[in-house]
Structure formats: C-alpha cells, structure tokens
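*Asks:* quick one, structure for this:
(6 chains)
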Amino acid sequence: MAALHIVNKADALPDCLPLLADGDALLLIEDGVYAACADIDANAPCHALADDLEARGLMNRIVNAIEILSYDGFVELVERHRPVVTWSR
Amino acid sequence: MAALHIVNKADALPDCLPLLADGDALLLIEDGVYAACADIDANAPCHALADDLEARGLMNRIVNAIEILSYDGFVELVERHRPVVTWSR
Amino acid sequence: MVISIAVHGAPYASQASRSALRFAECALARGHAVHRIFFYHEGVLAAGSHGVAPQDEEDVHAGWVSLQESHGVELAACIANSLKRGMLDAGERDRYEKPSATVHPRFTLVGLGQLVDAIATSDRFVTFAA
Amino acid sequence: MVISIAVHGAPYASQASRSALRFAECALARGHAVHRIFFYHEGVLAAGSHGVAPQDEEDVHAGWVSLQESHGVELAACIANSLKRGMLDAGERDRYEKPSATVHPRFTLVGLGQLVDAIATSDRFVTFAA
Amino acid sequence: MRRKRILFLLTRAPYASARAVETLESVQVAGVFEQEVSVLFKGAGVYQLLEGQEGSAVGQRTVGKILSALPEYDVERIFVCGPSMQRFGIEEADLCVAAQRLDQAEQRDLLAGQDAVVTG
Amino acid sequence: MRRKRILFLLTRAPYASARAVETLESVQVAGVFEQEVSVLFKGAGVYQLLEGQEGSAVGQRTVGKILSALPEYDVERIFVCGPSMQRFGIEEADLCVAAQRLDQAEQRDLLAGQDAVVTG
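*Replies:* Numbering: from 1, shown residues only, chains lettered A, B, ... in the order given. Predicted structure coming up:
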C-alpha cells in the first residue's frame, strides 16, 4: 500500500518531496497550506485542507492542481494509504 | 546606541543578517548556535553562548571568528546595546 | 477500520489538538473505530481541567471531553510527559502530595506501552504534530 | 541598570525559561536590578505548581521560585494567557469555581499593562522567545 | 508611565498558534498607554496581513480584523518588510490594512531608533 | 501484542525542546515490546547523532547517550539521511552511534515497507 504524507508546516515540504513514491499522496494542513500558493514539484497528487486555507485567506491564492478537501476527504485519504507520515519542523 | 541581535534558531538568521547596522552585535543562543558551524556573512561581531554549544557537541565544530561567551558575557553585551532584538521562528 | 491518533501539540501553541479532534469526529462519522487518542509531548496539556477558554474561541479541551462522552473514545495522555508538565490525575496527586488533580477525569494517564499498543492494534496511525 | 525580561516558551517545549533564568541570575550577580520577569504566551506554564520534574533534569520552575525568594524579583504571568492555559491563582480559582489554584504563590497574574510598564520602566528589555 | 519607542516585530504566521493574536493584544495595550508604537511584519509574519482571513474556520479569532482595529488604539505606524512580501508573492493589493513597505535599509533605520523590541 | 513495522522519523534538533528525549523513550518501549523498529534521523534530526554532546550544560539528559543504549532495547535498525548530513556538513566520523546512511531512493524504500510512522 502507498503512503499518505501530511505536511503541517510549509518549511517541512522540502524534506518530504524527495520521498514521495508511486501511488503516494500529499496532504497540506495547518501552516502547510501556505505551500499551496507556490509551485510544488511533486510526483504525487496534492491536496490541501479547506478549513486551514479558508482561515488564512488562501482560497483564491492557490496555484497548481491542488485538490481542496474537507476533513471527510482527509479521512478518505487515510483509508486508502498506509503508512500515514507526518512531516513537521 | 547600537542593537544586540539574539538569534535562537539557525533558521531565523537570514531574516536578521540584512538588518545588522554599524556597531550592532550578533549573539547565537539555543538552536541558533548551529549557525556557528557555517560561514556567517555578517558585518557585525558574532558571539555564541558556551552552554548551548557544549550541550550540542559543537565546541570543536565552530568555523569563523565567533566569540564564545558565558552568561556573564551575554549580560555584558546587553549592557552595551539597545535595543535588544530577539529573532526566532 | 481501526484508527488511532497521536496529538503532539498543546492547544493555543499549535493546531494539533483541534485538527485531531475534527479528524476523529469525521472518522467516527464515516463508521470507523477510533481506538485511542494518545496525547504526547505538549499534547498532554489538552487534558487539563483548569483552563478557561476565551469566549470567542473554540474550547478544544471541551471538545475532547464531549467526544469521549458521546463515543467512548479513549483519551490517553502519556504519564511521564504529563507529570513533568503538571498534568496529574487523582493517583498522581496523592503520590506527589499535590493539592489537587489537574487532569479531567475523562482522560487517563498511561505508559508509553499504550502508544505502541495503539499502533499494533490499529489499521492506521495518524500523528498530529506540533 | 534596570533590566526586564520576557519569557515566551514553556519549560520542556523550549529553552526560553531556563535561558532567561540563567540570564537573570547573572544580571543580578553583576549588580543590575531585575525589575520584572514577564511570562507571556506558553511562557506562563513555568508558573505551574503541579509539575514533577524528572530527577535527571533541571527543575526550571523551582529555579524561578528560588530566584524570587532570594532576590525578590517579580515573577509576573500574563493573566489572559494564563487563564486559557489553566494557570490560576486563588482569585481566579474562586472566580471560575475550579477545585484549586495551579500557580505557585511566588508568581502573580497581571495584565498586559505590566508588560508595557516593564518596558517603560527598564533600561533594557530582553525577550527569550519560544 | 514614561513614553518609549517600542517596536513589535511580528515574524510568525497566524492560526498555527495563538501567538499572533496574543501579541496584537499587547500592541493594543501599548497604544492605550501612549507608547510610541511601531509594528513591523516580517518573514512569515506578513501572512497576518493577508485579506480575506476567516479565523472561525479553525475556531479562532480573525487576525486581519484585529489588525484593522489598531488605529482605534492609536497604533498608526504599521510597516511591512518588502523583501518578505516578494518572497511570498504578496502584493500591496492583497493586504487587509494599509502598511508602509520598507526595504532593508529602512528597516535598519526603524530598528536603530527603538528603546525596546517585542518579538511576536 | 501484534508485531508491526514502525518507523520513528526524527527530524528535530535536540535540547531546544524535550522532544528528542521523549521520542527516544517511545523507541525504547517499542523495542521492548518486540516491534520491528526502525529509526531514521533526517533534517535537523541528524544533530541528535553528533558526538560530544553534554546535556548537563543546559540541565538536560544527553541525547547521544540515550542513542548509544538503543541496542540494549533491541533497536538495531538505525538510519541517517545522507543528504541531510551533507547539508549540515556532518561526516560519518562525527556520529556518536553507527547509523546506516541512506540516499533518497533507499529512504523511499524504507518508508514503503512500514505499517506506521511516528514523527519525533
């Protein structure tokens, strides 16, 4: 099964990106969602949590093909991936 | 009077360096002392706190002309500078 | 699916506790079993019963208590990390002769074996970092 | 010289409290007046009286209490930041009907005006960030 | 109370912690106590200035609204680091309050005149 | 207890917080409970491996000593991120315990085989 990578600080993204494998998924939450405002060179589908984007005023600042998720979508990602890897600083 | 810049995370140094003015001093403490292991392009005298270097095993890894201080030297720097600016992340 | 969750950050210092609470609520709503919430590091501070939340902000501690009451989810705080941060249940209060317990009774203080057990027992383990 | 100090980080979560304590001790030894230690943000957790420090680590809370007892330094914790983090003195315990105070009596809970006053009254203001 | 020049140096993004809100509360109090207050947003702190924030989405107060009310506390000297805005791709039109953009030399001058700096 | 493959991902420098020590305590417990434990030091976490640490200088336990004792808890699979070592100018001779250096592809393989990851 492929991994879900959760990034909760934009600064933690560079550590995570080189470890994305085929089938893995990337989820930006909390301060990780600021990374959705710049290009992400990831070979995996990228998602970001709606609540965290909305709080920070980022809904209209997203570049790229990033899928916006509710917590329901978050749980669904966890269902489909193992292990769940959290990247922080 | 010139400022004392205290940096307690190595990652905070890039924000601080461009703001060093003539007569200012730089003091690395806590996780800021890791910055003493690489070149620092500062136009100000650089100091680092001995306790924090020693805890981390960095006493023999310092490059550059960095002065190692006790807390006594820290207080002395504060005596000679105003304002005291703390840089963190 | 059986899910366990770790919370590493304190309320107000990080979003970890609130994010984990929302995730747990949603996992339950989707029919999963949430086996254990393990509060670790500063995360243990969510167990504190003495906090007074600002009126214009969400009370995450109350949210955990409510989740426990309505779904029976185990709220387990690392006992070693709790003790040094002043989070005591009645037993630790007596042992260390402190004037009162500070942990809400819906939380339990447990050893790190319960973190390993949560991982071993669950299909998924999700960490909410500080 | 009159010096005031701000502490922003909690014990165990950051070195701020210990670094500030060492700095304050040393400033006093050099003959300075330490007017006020202002505990802000997570820094207020250093005021807690219920913590049990690990035996092989320094007890920073005890260090603050000892500094107060020997030098009379004012240990002032932001009252708003304290309340939401469960740090209550006897007055707040009564007001919010909590079972006990959690702040050591050598600490006082004060408003943010005392932070501004510390800056206005002192020759130097030094922040120990989280 | 003596009147001092106090700079609040705000370098953290909002919402991941209560730090931004708690620091802005002391900015308000310093204003009420008639200190000579300046506020500089720098690094990730510039995110506090973004328009369109909605703190209730994460159970918190909205930092942008607190900022908009600062003039009521006689806090008028609001600055933002130009290089930080550029780094994060933020334009002046994206800000929720009027903040004067400073380059590095101007920030050096701002710092040099302060009696104290409060890091947020 | 079921035996699972658990990776501890240690990405923080020691001493600024108790996080490194507290995480290593759970590594020990996982070893005692006969889990298939791996430990990966990455990013600033590689600083935990530096030789010559002396925690008492800041009133704390010495992380390097805790690491050296991991084999007593049957934790033998200790890895370090090669690119992180290079970034911080750390050589193998600087490490206080033997850690197997992994490049990015090897780290991807390590992650792929895990049941759970504990972030430190």
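*Asks:* ok, longest helix in chain C?
*Replies:* Under DSSP state H, the helix in chain C containing the largest number of residues is helix C:16-29.
*Asks:* what's whatever helix or strand comes next after it packed up against?
*Replies:* Next along the chain after helix C:16-29, taking DSSP states H and E as the criterion, comes strand C:33-39. Strand C:33-39 is packed against strand C:2-7, helix C:16-29, strand C:74-78, helix C:113-121, with contacts defined by 3 or more CB pairs under 8 Å, 6 or more residues apart in numbering or on different chains; DSSP states H and E. Where you see a C-beta, it was placed from the backbone N, CA and C, and this is true even at glycine.
*Asks:* pLDDT (mean, whole number) over the second one?
*Replies:* Meaning helix C:16-29. Helix C:16-29 comes out with an average pLDDT of 98.
*Asks:* now it and strand C:33-39, what's the angle there?
*Replies:* 170 degrees (axes from the mean of the first three to the mean of the last three CA atoms, to 10 degrees).
*Asks:* so what touches helix C:16-29?
*Replies:* A:8, A:29-30, A:51, A:70-72, A:74-75, A:78, C:3, C:5, C:7-11, C:34, C:37, C:43, C:46, C:58, C:60, C:63-64, C:67, C:71, C:73, C:126, C:128-130, E:58-59 (CB atoms under 8 Å, 6 or more residues apart in numbering or on different chains).
*Asks:* filter those down to the buried ones and hand me the ChimeraX line.
*Replies:* To isolate the buried ones among the contacts of helix C:16-29 in ChimeraX, judged by 16 or more other CB atoms under 10 Å in any protein chain shown, type:
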select /A:8,29,30,51,71,74,75,78 /C:3,5,7,8,9,10,11,34,37,43,46,58,60,63,64,67,73,126,128,129,130 /E:58,59
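*Asks:* got the CA positions of the longest helix of chain C in CSV?
*Replies:* The C-alpha coordinates for helix C:16-29 follow below in CSV (Å, rounded to 0.1, in the frame of the first residue of the first chain):
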residue,chain,number,x,y,z
ALA,C,16,-2.6,19.8,16.5
SER,C,17,-5.3,19.2,19.1
ARG,C,18,-8.1,20.8,17.1
SER,C,19,-7.1,19.2,13.8
ALA,C,20,-7.0,15.8,15.5
LEU,C,21,-10.4,16.4,17.1
ARG,C,22,-12.0,17.2,13.8
PHE,C,23,-10.3,14.2,12.2
ALA,C,24,-11.5,11.9,14.9
GLU,C,25,-15.1,13.2,14.7
CYS,C,26,-15.1,12.7,11.0
ALA,C,27,-13.6,9.2,11.2
LEU,C,28,-16.3,8.2,13.6
ALA,C,29,-19.0,9.7,11.3
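*Asks:* SS state for the closest residue to residue A:50 other than its chain neighbours?
*Replies:* Closest residue in space to residue A:50, ignoring its immediate chain neighbours: residue A:68 at 5.1 Å, by CB to CB, 6 or more residues apart in numbering or on different chains. The three-state label given to residue A:68 by DSSP: H, G, I helix; E, B strand; the rest coil is strand.
*Asks:* show me what from chain A comes close to chain F.
*Replies:* Residues of chain A lying close to chain F by CB under 8 Å from any CB of the partner chain are A:2-3, A:12, A:15, A:18-21, A:82-89.
*Asks:* buried ones in the longest helix of chain C, by neighbour count?
*Replies:* C:16-28.
*Asks:* can you put the residues you listed in CSV and add distance to residue A:35?
*Replies:* Output for the buried residues of helix C:16-29, formatted as CSV (distance: CB to CB, whole Å):
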residue, distance to residue A:35
C:16, 18
C:17, 22
C:18, 20
C:19, 16
C:20, 21
C:21, 24
C:22, 20
C:23, 20
C:24, 25
C:25, 26
C:26, 23
C:27, 25
C:28, 29
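*Asks:* nearest to chain A among the residues you listed?
*Replies:* residue C:26 (4.1 Å; CB to the nearest CB).
*Asks:* quick check: angle from the helix of greatest length in chain E to helix D:113-121?
*Replies:* The helix that spans the most residues within chain E, counting by DSSP H, is helix E:19-32. For helix E:19-32 against helix D:113-121, the angle by the same axes, to 10 degrees is 60 degrees.
*Asks:* could you confirm whether helix E:19-32 reaches chain A?
*Replies:* No - counting by CB under 8 Å from any CB, no contacts exist between helix E:19-32 and chain A, the nearest distance being 11.1 Å.
*Asks:* hmm, back to that, now, the residues of chain A next to chain F that are in strands?
*Replies:* A:84, A:85, A:86, A:87 (DSSP state E).
*Asks:* which among those end up buried?
*Replies:* Applying 16+ other CB under 10 Å to those flags A:84, A:85, A:86, A:87 as buried.
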